[in-house]
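S.K.: From the sequence below, what's the structure:
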Amino acid sequence: MIEIRHTETSLGGIFEAWQEGVQVGEMTYRRPMPERMVIDHTQVFDGYKGKGIARQMVLAAVDFARAKGRKIVPLCSYARAVLTRTDEYQDIIN
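M.R.: Numbering: from 1, shown residues only. Next up, the predicted model:
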């Protein structure tokens with residue numbers, strides 16, 4: 001089972017994916033404005049790719065942004081693909 005951990009600072013944050021005590025991926029974002037999250041990097045580490053981990057991090061960011069009333073600017077190509085291919089996420093994209 002994958003555990004998504006989130007750490008936020010005043011300038012941005014990171015979502016980390018963990019499995020059995022091992023970090024298996026990360027997604028970073030910047031916050032140029034309080035109401036915006038700019039996802040700039042998503043990475044799943046070797047040996048863990050192709051298991052839906054990156055998608056779980058993106059969806060964790062969606063849940064977080066909705067809870068905080070923020071919009072997401074998906075600069076990262078993976079995050080952009082996930083968010084723009086589904087109508088369900090159009091409300092969160094900026």
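
S.K.: quick one: secondary structure of the residue most central in space within the chain?
M.R.: For the chain, V58 is the residue whose C-alpha lies nearest the centre (C-alpha atoms, centre = their mean; 3.4 Å). With DSSP: H, G, I helix; E, B strand; the rest coil as the basis, V58 sits in helix.

S.K.: Could you check how far it is from R80?
M.R.: 10 Å (C-beta to C-beta, to the nearest Å). Every residue, glycine included, has its C-beta placed from N, CA and C.

S.K.: Equivalent analysis for R55, please.
M.R.: 13 Å.

S.K.: same thing with Q56?
M.R.: For Q56, the distance to R80 - C-beta to C-beta - is 17 Å.

S.K.: and if you look at T7?
M.R.: 23 Å.

S.K.: all strands for the protein, in order.
M.R.: 2-8, 12-19, 22-30, 36-44, 71-74 (DSSP state E).

S.K.: Pull up the pairing partners for the second one, direction included.
M.R.: Strand pairing for strand 12-19, determined by DSSP bridges: strand 2-8 (antiparallel), strand 22-30 (antiparallel).

S.K.: still on that earlier bit, T7 and R80: which has the busier surroundings?
M.R.: Between T7 and R80, counted using other C-beta atoms under 10 Å, the more crowded position is R80 (17 against 9).

S.K.: give me every residue that touches the nearest residue to the more buried one once chain neighbours are set aside.
M.R.: The shortest distance from R80 to any residue other than its chain neighbours is 4.0 Å, reached at P74 (C-beta to C-beta, 6 or more residues apart in numbering). P74 sits next to 39, 80, 82-84, 93 when contact means C-beta atoms under 8 Å, 6 or more residues apart in numbering.

S.K.: try 7 Å this time
M.R.: Contact analysis of P74 by C-beta atoms under 7 Å, 6 or more residues apart in numbering lists 39, 80, 83, 93.

S.K.: Quick check: the last one vs V24, distance?
M.R.: It stands for I93. For I93, the distance to V24 - C-beta to C-beta - is 26 Å.
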